[in-house]
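# Sequence first, then the predicted structure:
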Amino acid sequence: MSATEARRSARPNRTLGPGHDTFWEWCARGELRLPRCTGCGKLLWPVASACDHCGGGAFTWERQSGRARLVGWNVFAQSYFKGVLETPYTTILVELEDGPLFVANPVGFGEADMAPGLALELRFVPARDQAGDFDLPVFALAEM
Ligand SMILES: [Zn+2]
């Protein structure tokens, strides 16, 4: 195992398949991209096979700024992923600058630092699941 592999943390399995694979391919390049419907222009999240506004099925993948605001958070004490995620772990809900709500994990800060509206910015951390290595989007405190 290389040093890089040793730093990859085990994660619950990602959802893979059409659309999802494209999302993870962009993450591997260090970019958070979400699908924008070519029919009506709505930015969509989560990945879907059809636009929830107009029903269209064609998308372009638009790079997000990576800036976000904290909306809410939850500290999980119950282990839903035994052997993969140690408890307690924290999940955050952020509003991306471009609009969509996005669920992620915080990195470099904890519950004591959290407040609604807190300015955050995107990072990627090396991770792996049963399908292999990937780069997980997470959020850190925005640098002022
Ligand atoms: Zn649409």
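Perfect, I can see it now.
# what about stretch 8-19, start to end distance?
With CA to CA, to the nearest Å applied, stretch 8-19 spans 24 Å between its terminal residues.
# Same check on stretch 120-136?
Using CA to CA, the distance between the terminal residues of stretch 120-136 is 16 Å.
# again with stretch 36-45
Span of stretch 36-45 from end to end, CA to CA: 9 Å.
# Give the buried residues for it.
Arg36, Cys37, Lys42, Leu44, Trp45 (16 or more other CB atoms under 10 Å). No exception for glycine: its C-beta is placed from N, CA and C like everyone else's.
# Those also near the ion: which ones?
Cys37, Lys42 (CB under 5 Å from the ion).
# how about JSON lines for the buried residues of stretch 36-45, with pLDDT and secondary structure added?
As requested, the buried residues of stretch 36-45 are exported to JSON lines (pLDDT from 0 to 100; DSSP: H, G, I helix; E, B strand; the rest coil):
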{"residue": "Arg36", "pLDDT": "97", "secondary structure": "strand"}
{"residue": "Cys37", "pLDDT": "97", "secondary structure": "strand"}
{"residue": "Lys42", "pLDDT": "95", "secondary structure": "coil"}
{"residue": "Leu44", "pLDDT": "95", "secondary structure": "coil"}
{"residue": "Trp45", "pLDDT": "96", "secondary structure": "coil"}
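# And the furthest pair within the buried residues of stretch 36-45?
Within those, two members stand farthest from each other by CB to CB: Cys37 and Trp45, at 11.5 Å.
# which of the buried residues of stretch 36-45 lies closest to the ion?
Cys37 (3.1 Å; CB to the ion).
# how close does the closest one sit to Arg63?
Separation of Cys37 from Arg63 (CB to CB, to the nearest Å) stands at 16 Å.
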